[in-house]
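1. What would the 3D arrangement of this be:
(chains A and B)
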Amino acid sequence: MRRTIIPIFALVLAAGGIDACNGTTGDELVSFPAYAAGAEGADDPFSVNGYTIQLTYAHMYVGAIYVNEAPAGSGGTFNTPACISQGVYCAQVPDGVDVDLLSSHRQMFPVQGSGSADLGLSWELYLTQGDVNAPDNSGFGVPDTADLIGTAIRESDGKVFSWAATVTINQSNRGEPAQEPGQPGLNPICKQRIIDLGGIDLQLFPGGSMLLTIDPRGWFKLPIDFSALPSVASSQCQLDQSSMYGDAEYCIPDASNLSGAALGSQQGINLYTGIFTAGNAAFTLSYSSP
Amino acid sequence: MCNRLSVGTALLTLAALVGLAGSVWAQSPPASEVRPPVVLSHVDAVYPPSALAERKHTDVVLVVTVDVDGHVSKVDVAESGGADLDEAALIAVRQWTFVPAMRGDKPVASRIRVPFHFAPPAPPPELVDTSKPNVLPPQASVPAAATPVGAARPTATPVATAPGSAKAQTIQEVDVRGQIHLEARSHGSSDYTETVGELKAIPRTNASDALKLAPGFLLTNEGGSGHAEQVFLRGFDAHEGQDLEFTVDGVPINDAGNYHGNGYADTHFIIPELIHSVRVLEGPYAPQQGDFAVAGSADYQLGLDRRGLTTEYTYGSFNTQRLLVLWGPNDAPSGTFAGAEYFTTDGFGTNRQAKRGTGMGQYEIPLGQKGVLRLNATAYATEYNSAGVVREDDYASGRVGFYGTEDPNLVGNTSTRASLSATYENHFQDIDVYQQLFLVDRTMHLLEDWTGFLNDVQLPTQTPHVQRGDLIDFHFDEQTLGGRGFARWHSQALGQRQEFEVGYFARIDQATSTQYRDMAANQAPYLTDASLTSTLADVGVYVDANLHPIPWLALRGGVRADAFLFDVLNNCAVNSSVGVDSPSNQNPEVDQPCLSELEHGVYREPIQRSSTGDGAVMPRGTLVLGPFDHFEFALSAGTGVRSVDPSYVAQGLLTPFVTIQSEDLGASYNDRIGSVALAAKSVFFSTHSGQDLLFDPSEGRSTLASGSTRTGWSGSVRGQGPFFDIAANATAVKATFDDTHLLVPYVPDLVLRGDLAFFHDLPWHIDQKPIRGTLGYGVSYVGQRPLPYSQLSDVIFVSDASASLAWRLWNVRLAATNLFDSKYKLGEYNYASDFHSQAEPTLAPERSFTAGAPRVITLSIGMTLGGPS
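-> This next block holds a predicted model:
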């Protein structure tokens, strides 16, 4: 019996020669709360392009945020028509929030953000609700990309213009026609709905939170001639938007890129372009401990 | 989690084993010698009352067939002693149990002659009339009993306390008969030949489950019941067979040139009841192992031990039904059989319906005294739906159930297999010869969706479109023609048996793989991922020696050389997913996935042919010490190869295979303690792969990654007794990439498995026939698996059980898989997917899983006609 038991015990002992120890597959998954807020002083008057502008109402719908490990403009990030980057996404907030841009109070996104504990070098901001590839993302119950109400005082003569603006992004008003028959998909509408930004060095870690700060004052770098705006009663302005326009006398039309000849259209184009190209002057993203 | 081998402890322990063994050693008999069966338990025959009147002394000689489990499967009367005495002997011997005949370490069926000598019971004592002391009673001749006056008349029935004795005499003859398989030589401690035996009581849903008799196997399945299992072994994610060479009696199962997974091995065509044993050799240590034998090889050996015509119907949970028919002629060996199976189920959740039909037939034609020609034909077809993965956040939020699906379009998967094989084996004076030819036809149609709506990015040449969906629509078609053979010479030298074997393997495949992406809206294909027509060849030659310079030292091994040829026609060589920078304005190729233009409109055909070939020379060997007092030690080392799929050849890869180096150090123990056969093994191993294969969910297949190393330990023990069969095994492993030293994801670091079966005649009889009861229980434990992004999976702990009653022709069995109804995740993954379950796309990694099956209870009723009663 002894000669049977001891060898079996020795086999078990040999088996016990394995020690468990630690290892990793690299990286780490994180989840985090995400917030958006307006910049401090966004409701203060500011001077730009010959006007002193003061916003009394400013809302923006942020559809989603994505952070990529590739730098902006490298490889897949919008050097091609692809609206999903070829790079690796390391963070996402896949739902939207309507942000009061005149409040610096943190406004929470309705979903937790998630990602991996990697370094993000670029990020994408979705400007609409729904499928970014769909031709039309407007309509009843669908939030506008931006709604603004304010005043503009022409600095040359002190004339005051009360104005309002609605910005939407659809194929009908923002779509760019194909330049080459051989590349019909070169300018999909999704490209007009996603802002691709760089200039970040965002290290995610467990226990942190993400903050998107939007300063609407950065949208007005392109000149907007408030004297060339149509009346809110005119056809260029959105129908049935009087409640949105408040007491404004004029509107910045939600104009098509192609209809620059109509009154105020160029101002609408400049406002949309100003939003889309504002970059870090209007949009900043940070990740920090709570 | 990982393992750090305590090499010093291991070596010290092994040294202790050798020391303890002392100088006492025994040599195990050469594998070709046969030991006859040994009686374990016997019952004396009862002298039948109906024959008592004659009171004759007579012999009845029976020819008894003992099966590999030690039970009496067939009895014939060789010399009759009369109908009554014949029946009495038959009744008795059918209750005998044996230790089966052994050829080497392998039990084999055998036929023996058992004589019974019947002697009538002693007559009652004569009564003497003491009233007349001088008058002797008349002397009557035996057996007639004298009946003295006044004496009680002798009873007509035999005295109960003195039953007629018919003791079996010495077994006079052994005629060993059974499967005439040329025995494979053990190649180290990682060589497991596991006979299913009484562990057939453990519920097994398919042939892959039989692999769990060997240590270290984890099987998952994300594709549905007709999809090949994903196999994990010794730190390898063998995916669906890419790192494990599967054969059935030598006929290859692995698909070559399968774009979904090169080496894909679907074993569902094998009827589990026709599996006699499984030989698993973990590691590439035998020169007979060929392509895909990276983690090892598994050879299913077919046979039907239960003779007669067996019909079994099963009904169970989720409207699961199975009709099984098996036939094994009584006068034929277990290698002659036919089997057919029809199976259908509604499945345990969304998209889990399945149907399959299988037919297998094999005929062994004896050739002379020692030869056999074995003909085999198999046909298999299945149609099934697939649930795919479920995202953890969708399950947590209630959007998708645990047994639900993210994409209900994964319906209509199919798989078929048809094969013919002919195998010739013969033993000549000092040469054993084996030759096999096989022909296999395979098709499969597979629908999978790992990523939802993520990969269909807008390209400039395409008409503007929304995300159309990532549904993978894969089709594979292959014809395989090949053969294998060897000649093994043996002789005596240095007082020991020496063997030398030369062999070959050849396989030619004509394969077609196409993979499309289908639109979610209408399942119409909109993109071609791959369209490959391939001619593949693999020709291997090997030499293998089994040398015994001294009785306790064996050197086994040799070298194998394989030549691979890949000739690949890529029917979609310029794929729109790659893109064309500047297509022609005059001849735009809007929306076409397979382009016929280069930059600036230069025309080209959309096809491209690529050919390559290369050879690999693979030395392999094992040093065996022992046996020393039932212990044996082995050191093994070897090189293996895994061929790559043709898509890499189409992309310009010159060497179409990956090389693996592996080493093993182990100890084995075999002994018989009373009536219990005990076997145990302990093995340390290390394997290095030049290029690993890592599963990429965005492509739905494995892709080449960097090199990796695996180190670990596995152990197994099995005890087989007269009323029980118990097996347990464990494997611990660490697998890391060579460049980053990070863990290889998905590979389990700890796998434990236990199986036990109890069987015995119950104390109840019907019509003087005992009822035999069997209980089976199997349990699996898998530790947390490393996942990408430093995550860990859940633990898996699942039990299966069965209880059965057998009486004469009939068998009733109640079985339960996942006995405790655990809700467990069979496969877990971390990667980016977007099934449009949230407001906006999900582009960052999230947890997804495939659900393990809940408890399934089945009731089976079967009967066997024409078999042993």
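2. how close does whichever residue of the stretch 251-400 of chain B sits closest to chain A get to A:G150?
-> Nearest residue of the stretch 251-400 of chain B to chain A, counting by Cβ to the nearest Cβ: B:D393, 8.0 Å away. Just so you know, the C-beta spots here come from the backbone N, C-alpha and C atoms, and that holds for glycine as well. Taking Cβ to Cβ, to the nearest Å as the measure, B:D393 falls 40 Å from A:G150.
3. what do you get for B:P525?
-> 52 Å.
4. For those two, indicate the residue with more neighbours.
-> A:G150 (22 against 15; other Cβ atoms under 10 Å in any protein chain shown).
5. ok, now which ones touch the more buried one?
-> A:G150 is in contact with A:53-58, A:162-164, counting by Cβ atoms under 8 Å, 6 or more residues apart in numbering or on different chains.
6. A:S116 bridge partners, please.
-> Beta bridges link A:S116 to A:L29 when assigned by DSSP bridges.
7. I'd guessed it sits against A:C90; true?
-> Yes - A:S116 lies in contact with A:C90 (Cβ atoms under 8 Å); the separation is 5.0 Å.
8. list residues touching both of these two?
-> Here A:S116 and A:C90 have A:204, B:844 as joint contacts, going by Cβ under 8 Å, 6+ apart.
9. Next, count neighbours for residue 45.
-> As the question left the chain open, I've gone with chain A. 15.
10. Oops, wrong one, chain B.
-> Residues lying near B:A45 (other Cβ under 10 Å) number 24.
11. now swap in B:N330 and tell me
-> Count around B:N330 with other Cβ under 10 Å applied: 13.
12. Quickly list what B:A815 is bridged to.
-> B:S802, B:T858.
13. what about the closest residue in space to B:I271 that isn't next to it in sequence, how many residues close to it?
-> Spatially, and ignoring its direct neighbours in sequence, B:I271 is nearest to B:G339 (4.7 Å; Cβ to Cβ, 6 or more residues apart in numbering or on different chains). Using other Cβ under 10 Å, B:G339 has 22 other residues around it.
14. Isn't B:G339 up against B:G328?
-> No - using Cβ under 8 Å, B:G339 is not in contact with B:G328; the gap is 9.0 Å.
15. how close does B:D562 sit to chain A?
-> 33 Å (Cβ to the nearest Cβ, to the nearest Å).
16. residue contacts, that residue?
-> B:290-291, B:505, B:538-540, B:615-616, B:618, B:641.
17. cool, and B:L199?
-> Contacts for B:L199 (Cβ under 8 Å, 6+ apart) come out as B:213, B:725, B:727, B:755, B:757, B:776.
18. Ok, B:Y264 next?
-> Here B:Y264 is in contact with B:228, B:240-242, B:254-255, B:258, B:444, B:476 (criterion: Cβ under 8 Å, 6+ apart).
19. which parts of the stretch 601-750 of chain B sit against chain A?
-> Within the stretch 601-750 of chain B, the positions near chain A by Cβ under 8 Å from any Cβ of the partner chain are B:629-631, B:667, B:669, B:671, B:673, B:680, B:682, B:684, B:712-713, B:715, B:730, B:732, B:734, B:736, B:740, B:742-745, B:749.
20. and those, which of them are in strands?
-> Among those, DSSP state E puts B:631, B:667, B:669, B:671, B:673, B:680, B:682, B:684, B:712-713, B:715, B:730, B:732, B:734, B:736 in strands.
21. who wins for most neighbours among the residues you listed?
-> B:S682 (29 neighbours).
22. Surely B:D209 forms part of a helix?
-> Yes - remark: B:D209 belongs to a helix, assigned using DSSP: H, G, I helix; E, B strand; the rest coil.
23. Could you give the number of residues near it?
-> Count around B:D209 with other Cβ under 10 Å applied: 21.
24. A:D136 versus that one, what's the distance?
-> 54 Å.
25. wouldn't B:R808 be in contact with B:Q768 here?
-> No - assessed by Cβ under 8 Å, B:R808 is found out of contact with B:Q768, at 10.4 Å.
26. okay, the two: which has more neighbours?
-> Taking other Cβ under 10 Å, B:R808 and B:Q768 do not tie; B:R808 has more neighbours (16 against 6).
27. Return the distance of the more buried one relative to B:A377.
-> For B:R808 relative to B:A377 (Cβ to Cβ), the value is 32 Å.
28. Ok, B:F820 next?
-> 41 Å.
29. Who has more neighbours out of those two?
-> B:A377 (15 against 11).
30. Reduced to three states, what does that one come out as?
-> strand.
31. Also the one 10 residues further on?
-> The local conformation at B:A387, judged by three-state DSSP, is coil.
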